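Colleague: need a structure here:
(6 chains)
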There are 4 protein chains.
Amino acid sequence: MRAEPEQARSRERRQRILEAGVAVFARKGFRDTLVDDIAAEADTSKGGVYFHFPNKQAIFLALLEQMGSLLARRLEEAMARAEGPRARGDAALLTALRTFSGHRALSRLFFVEAMGAGRQFSAAMMEQHSRFITLIRHNLDEAVTAGVIPPLDTELAATAWFGALYEVTTRWLLTGRPARLEDAYPALRLLLARSVGLEESGDPGAERGTTQGEG
Amino acid sequence: MRAEPEQARSRERRQRILEAGVAVFARKGFRDTLVDDIAAEADTSKGGVYFHFPNKQAIFLALLEQMGSLLARRLEEAMARAEGPRARGDAALLTALRTFSGHRALSRLFFVEAMGAGRQFSAAMMEQHSRFITLIRHNLDEAVTAGVIPPLDTELAATAWFGALYEVTTRWLLTGRPARLEDAYPALRLLLARSVGLEESGDPGAERGTTQGEG
Amino acid sequence: MRAEPEQARSRERRQRILEAGVAVFARKGFRDTLVDDIAAEADTSKGGVYFHFPNKQAIFLALLEQMGSLLARRLEEAMARAEGPRARGDAALLTALRTFSGHRALSRLFFVEAMGAGRQFSAAMMEQHSRFITLIRHNLDEAVTAGVIPPLDTELAATAWFGALYEVTTRWLLTGRPARLEDAYPALRLLLARSVGLEESGDPGAERGTTQGEG
Amino acid sequence: MRAEPEQARSRERRQRILEAGVAVFARKGFRDTLVDDIAAEADTSKGGVYFHFPNKQAIFLALLEQMGSLLARRLEEAMARAEGPRARGDAALLTALRTFSGHRALSRLFFVEAMGAGRQFSAAMMEQHSRFITLIRHNLDEAVTAGVIPPLDTELAATAWFGALYEVTTRWLLTGRPARLEDAYPALRLLLARSVGLEESGDPGAERGTTQGEG
DNA sequence: GATGAATGAGAGTTCATTCAT
DNA sequence: AATGAATGAACTCTCATTCAT
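Modeller: You can find the predicted model right below:
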């Protein structure tokens, strides 16, 4: 009997706690966030939180994973719609910027809080970084194979690209510049493209989110 | 009238505490480090630590500042020896990689622990980042003025460069790759140079630490 | 819906902590009392104490207030039963002596510990003193109005009366003399009465702990 | 050789520390006063303080004793100049009020800080109280013997008198009323006199500090 | 499922006292 | 005599986690 609705309610509550987690962690940081804060923000009690998560860390980790998955999903979608390594790269960059821009609090966890929240998170974060660095690398490898760009140390390049994106996003989060993160797209695109030996080409309108062949 | 030696002893002890701080913070992270740990590592007592520093945070901040100053000093020296924007850039990059490489523990604080150690440190860290981003930017501005590279958004480029360097260094710290951080120099140099529109030129051997303009 | 019992249990525990507070504060004094001592005496944990009170001081203050209220309540009752300023004064004095006598530990806080427990308590204590000085003063004012005693500086008289009572009680607490505080009643009554120009009269027997004027 | 001047300098320094003690203890209370505070106020160092006093408590105790002795000396002088128990009593009361009034900070220690500064001081304070209560009692005994006042429980009366004086002085210290403590003299004198059965008499001018026969 | 009272192992910080110089 | 660096025992308060109801 009504097992389904029960489960649904449970999932709902769990989600509410996660959302509360984003809000509070982004506001106070991991260490300064009390489980009570999360409980209050989620309109439940401390015990309620512990029913859904084994501990505070698990909430944070779930959030990191959530952000990672969200980004990965969007990137896949965007890249699937694009043709050719260059268009895929453009699409990915723009999608990433837009995703961070649209989830500022979650991004803050991902970029600012995660790293130093404790020894335990370094590993989890490096995994997330690796996930995207690998994605970038694969695309670069394809581009090399396709002859679009000259051969190069794609692991290093991917790492550097990710770092560039990371720092630009962190700056935006902490200093508010540029006002809209997406505004960094054209210059960043040019920078990254050139760095791997790609000559300029007409830019695929950032406004439409579409991309087109690399010419 | 032996006020001097007294002061010297005091400064010495202060320094010993700072060195202990690097070691312990790098090993355990900021939050997991007990003041007692630092005291033990410095062969003194908790009270001794508190005689020289008002609190744990102050030790960390002093270390951050120390790392920033060390790096700044080295960069200035290296850049002063080089001629032309390109050579200066090469010298700076190599010097940075070598400095991090030679102060792994201190770098760990700077790169890994600092950011998430608490809201209070974000500001201090952003200041350090800004310090070097500004340095990079000035050099890029000069390069543009000198006509060495085409005009571009130097603020964004500087941020991206710093980010690239940051991520590469963080990877090295956390994964141990590349084995020697300096090994990343040639590929990173090429990447960064290209990104701002600089064409290749013979690389000044990293081993000799010399560089020269491309004419 | 058994919110009530929950609350009852909570209130009960709170009360147990207060009672433990009286015992330990009286035994060790405010500063020398550890929150752990109170917790142990109340058969709970340090955290338990902090769940019910924000800090050690709050426990002490609650106790002071409790003592003040207890005394005020008893005085009101006793005075309501008496007729005429003189009888009310007698009743109040006797009630006060008996209350202190019957709550030795609590009185110790009130008389001995409170004042020097810290700058923060001086204010709270002066308020309690004022409370009773005002009570005395009102009664004296009434007595003057009723023509029972000649006009006089009732504020000073009330202060002096309170002081006399205070010192007598403190002596009893610290030296154990007189053996029963109530034994001081007849002499103290006579002293205070005369001090404001009241001629002796037969004593209304304190429940018949009786005494009578020497006249 | 110059042993004398050495000793003089030492005594001087000791005195400076005591004066610093009065100032700081009165300002912050015993527990909240740091030995460093006293050292700073006395323009010396922590070690300097410990050269002259074995510990913090000893400074406080010395101060208490100093106040007690000062008061005792003055009372003796004033009482020696007066003739008859009544005049002696008047002289003593006025002298006490004037002494407290003229040494407000020291009085604060004596009246406010001493009692609750810790279990250790209760004894010392009770001794000081006893000293004066005994003095009062002797005078009352003489007055009884001389037939000036009717027989009464002089121990209790002395205690009550002291308490009255204590509370009046404490009020003045903490609330600033009356503006000049000496202003309480006439009313207090009348009150105390009457309390032991003394009929009014012309008041000995408080202004001259002299007193005259009891009439 | 939910609640919130209870737990208790710390953690940072303070400061009287000591002592080498 | 004096200094001020060093010591280390205490102490208050915190908070993730548990658990009876």
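
Colleague: how far away is residue A:35 from DNA strand E?
Modeller: Applying C-beta to the nearest atom of the strand, to the nearest Å, the value for residue A:35 to DNA strand E is 9 Å. For every residue, glycine as well, the C-beta is placed using N, CA and C.

Colleague: same question for residue A:27.
Modeller: Counting by C-beta to the nearest atom of the strand, the gap from residue A:27 to DNA strand E is 21 Å.

Colleague: pLDDT score for that residue?
Modeller: pLDDT, residue A:27: 90.

Colleague: secondary structure element holding it?
Modeller: In the assignment (DSSP states H and E), residue A:27 maps to helix A:3-28.

Colleague: so which elements touch that helix?
Modeller: helix A:35-41, helix A:46-52, helix A:56-81, helix A:104-108 (3 or more C-beta pairs under 8 Å, 6 or more residues apart in numbering or on different chains; DSSP states H and E).

Colleague: what is the neighbour count of the nearest residue to residue A:195 once chain neighbours are set aside?
Modeller: Among residues not flanking residue A:195 along the chain, residue B:195 sits closest, at 3.5 Å (C-beta to C-beta, 6 or more residues apart in numbering or on different chains). For residue B:195, the neighbour count with other C-beta atoms under 10 Å in any protein chain shown is 25.

Colleague: residue A:191 is in contact with residue B:195, correct?
Modeller: Yes - Residue B:195 is in contact with residue A:191 according to C-beta atoms under 8 Å; the separation is 4.7 Å.

Colleague: which residues touch residue A:152?
Modeller: Counting by C-beta atoms under 8 Å, 6 or more residues apart in numbering or on different chains, residue A:152 touches A:140, A:144, A:196, A:197, B:187, B:190, B:191.

Colleague: distance of it relative to chain D?
Modeller: Distance from residue A:152 to chain D, counting by C-beta to the nearest C-beta, to the nearest Å: 64 Å.

Colleague: now residue A:127
Modeller: Distance, residue A:127 to chain D, by C-beta to the nearest C-beta: 51 Å.

Colleague: so that residue versus DNA strand F, what's the distance?
Modeller: Distance, residue A:127 to DNA strand F, using C-beta to the nearest atom of the strand: 21 Å.

Colleague: now swap in residue A:70 and tell me
Modeller: Residue A:70 is 25 Å from DNA strand F, by C-beta to the nearest atom of the strand.

Colleague: at the geometric centre of chain A, which residue sits there?
Modeller: residue A:71 (4.8 Å; C-alpha atoms, centre = their mean).

Colleague: what do residue B:195 and residue A:191 both touch?
Modeller: Common neighbours of residue B:195 and residue A:191 (C-beta under 8 Å, 6+ apart) are B:157, B:160.

Colleague: so whichever residue of chain A sits closest to chain D, which state does it fall into?
Modeller: Closest residue of chain A to chain D, C-beta to the nearest C-beta: residue A:32 (29.7 Å). What DSSP: H, G, I helix; E, B strand; the rest coil gives for residue A:32 is coil.

Colleague: from what I see, the residue nearest to the centre of chain A and residue A:99 are in contact.
Modeller: Yes - the pair residue A:71 / residue A:99 is scored as a contact, 5.4 Å apart, by C-beta under 8 Å.

Colleague: coming back round to it: redo the contacts of residue A:152 as JSON lines? Include distance to chain C, neighbour count and secondary structure.
Modeller: Formatted as JSON lines, those follow (distance: C-beta to the nearest C-beta, whole Å; neighbours: other C-beta atoms under 10 Å in any protein chain shown; DSSP: H, G, I helix; E, B strand; the rest coil):
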{"residue": "A:140", "distance to chain C": "55", "neighbour count": "22", "secondary structure": "helix"}
{"residue": "A:144", "distance to chain C": "61", "neighbour count": "18", "secondary structure": "helix"}
{"residue": "A:196", "distance to chain C": "58", "neighbour count": "23", "secondary structure": "coil"}
{"residue": "A:197", "distance to chain C": "63", "neighbour count": "18", "secondary structure": "coil"}
{"residue": "B:187", "distance to chain C": "56", "neighbour count": "18", "secondary structure": "helix"}
{"residue": "B:190", "distance to chain C": "59", "neighbour count": "20", "secondary structure": "helix"}
{"residue": "B:191", "distance to chain C": "55", "neighbour count": "26", "secondary structure": "helix"}
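
Colleague: dump these into TSV; add distance to residue D:88 and pLDDT as well.
Modeller: Formatted as TSV, these follow (distance: C-beta to C-beta, whole Å; pLDDT from 0 to 100):
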residue	distance to residue D:88	pLDDT
A:140	106	95
A:144	112	96
A:196	106	95
A:197	110	92
B:187	103	95
B:190	105	95
B:191	101	96
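
Colleague: tell me which helix or strand in chain A has the weakest average pLDDT.
Modeller: Ranked by mean pLDDT, DSSP states H and E, the weakest helix or strand in chain A is helix A:114-116, scoring a mean of 71.

Colleague: who's in contact with the nearest residue to residue A:49 once chain neighbours are set aside?
Modeller: Distances taken as C-beta to C-beta, 6+ apart place residue A:39 nearest to residue A:49, at 5.0 Å, with adjacent residues excluded. Shown in contact with residue A:39 (C-beta under 8 Å, 6+ apart): A:20, A:45, A:46, A:48, A:49.

Colleague: from chain B, how far out is residue A:39?
Modeller: In terms of C-beta to the nearest C-beta, residue A:39 sits 21 Å off from chain B.

Colleague: what does the pLDDT read for that residue?
Modeller: As predicted, residue A:39 sits at a pLDDT of 95.

Colleague: the one 3 residues further on now?
Modeller: According to the model's per-residue confidence, residue A:42 sits at a pLDDT of 95.

Colleague: that one - how many residues pack around it?
Modeller: Neighbours around residue A:42, by other C-beta under 10 Å: 22.

Colleague: can the helix holding residue A:27 be found next to DNA strand F?
Modeller: No - judged by C-beta under 7 Å from any atom of the strand, helix A:3-28 stays clear of DNA strand F, getting no closer than 9.8 Å.

Colleague: next, the buried residues of that helix.
Modeller: Using 16 or more other C-beta atoms under 10 Å in any protein chain shown as the test for burial, helix A:3-28 gives A:13-14, A:16-26.

Colleague: ok, now stretch A:76-84?
Modeller: Under 16+ other C-beta under 10 Å, the buried positions of stretch A:76-84 are A:78, A:79, A:82, A:84.

Colleague: and if you look at stretch A:182-190?
Modeller: Going by neighbour count (16+ other C-beta under 10 Å), the buried part of stretch A:182-190 is A:182, A:183, A:184, A:185, A:187, A:188, A:189, A:190.

Colleague: give me the contact list for it.
Modeller: Here stretch A:182-190 makes contact (C-beta under 8 Å, 6+ apart) with A:90, A:93-94, A:97-98, A:101, A:164-165, A:168, A:172, A:178, A:200, A:203, A:206, B:152-153, B:156-157, B:160.
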